[in-house]
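**Q** Predicted model follows, preceded by the sequence.
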Amino acid sequence: MSRLAEEKYNRLTSHLIRSCVTPDILKRVTTLIVEKAVLEPTSCPMYAQLCYDIHNKLPKLPPKTMVSGEITFKKVLLNTMQKVFEGTYELSEEIRKMNAPDQKEERIDKERLLKLRNLGNLRFVGELFLKQMIPEKIVHHIVQELLGADKKMCPPDDDLEALSLSQDYRQQA
C-alpha cells in the first residue's frame with residue numbers, strides 16, 4: 001500500500017471509530033461495510049482489514065439494557081453477517097417462486113445478484129476468518145449448509161463453487 005493510501009486508510013479508520021459512539025451508529029456502519037464487501041468481492045481483503053482494525057481500536061460500548069452485555073464491533077459484525085446470509089436465503093426463495101414467462105429477465109438478474117452476493121459473502125467470511133474475526137465453528141456451519149442436508153444429493157453448482165472458494169481460505173489459514 002502506498003504511503004498516501006495508507007494515510008487515507010488510517011484517517012478513514014480513525015473517523016469511523018470516532019463516529020461509532022452509539023450501538024445504532026455502530027450497527028449502521030457495520031452494515032455498510034458488510035454490504036460494500038459483499039458487492040465488491042475483490043475488495044474483501046481491505047474490508048476485512050478495516051473490520052480487524054476497528055475491532056482492535058473501538059472501545060466496547062455500554063449495553064442497551066442491563067441484561068444484554070457490552071456491545072463490541074465483533075458481536076455486531078457477526079450479527080450483521082448472519083442477517084446477510086438470511087437475506088440471501090430469502091432472495092433464493094423469491095427467485096424460486098418466479099416462474100411466469102414475463103418474469104424471465106427479472107429472474108435472470110436476481111440470479112446474477114444472488115450468485116454475486118453468495119460469492120461475496122463467502123469471500124468476505126474467508127477474509128474475516130483469516131483475520132480471526134469469525135470462529136472456525138461458523139465456517140464449518142457454512143460449509144455444512146453449502147453441502148446440503150441430504151447427503152445422497154449433489155449440491156447445486158453454485159454451492160459447490162462457493163464451497164471450493166471457502167476451502168481455499170481454510171487451506172490458507
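**A** Sure thing, it's come through. Because the structure is a prediction, the values reported are computed rather than measured. Numbers count the residues shown, from 1 in each chain.
**Q** Could you use CA atoms for every contact and neighbour count after this?
**A** Noted.
**Q** give me the low-pLDDT residue ranges for this protein?
**A** Low-confidence segments of the chain, defined by pLDDT under 70: 1-4, 64-68, 146, 148-173.
**Q** Give me the outermost residue of it relative to its centroid.
**A** Relative to the centre of the chain, the most outlying C-alpha is that of Pro101, 33.1 Å out, by CA atoms, centre = their mean.
**Q** Which parts of the one helix or strand Val76 maps to count as buried, going by neighbours?
**A** Val76 belongs to helix 73-96 when assigned by DSSP states H and E. Neighbour counts over helix 73-96 (16 or more other CA atoms under 10 Å) mark Phe73, Lys74, Val76, Leu77, Leu78, Thr80, Met81, Val84, Phe85, Thr88, Ile95 as buried.
**Q** next SSE after that helix?
**A** Following helix 73-96 in sequence, per DSSP H and E, is helix 104-130.
**Q** just checking, what packs against the helix or strand following that next one?
**A** Using DSSP H and E, the helix or strand that follows helix 104-130 towards the C-terminus is helix 136-147. Under the contact definition 3 or more CA pairs under 8 Å, 6 or more residues apart in numbering; DSSP states H and E, helix 136-147 sits against helix 104-130, helix 157-172.
**Q** For helix 136-147, what is the distance to the chain centroid?
**A** 14 Å (CA atoms, centre = their mean, to the nearest Å).
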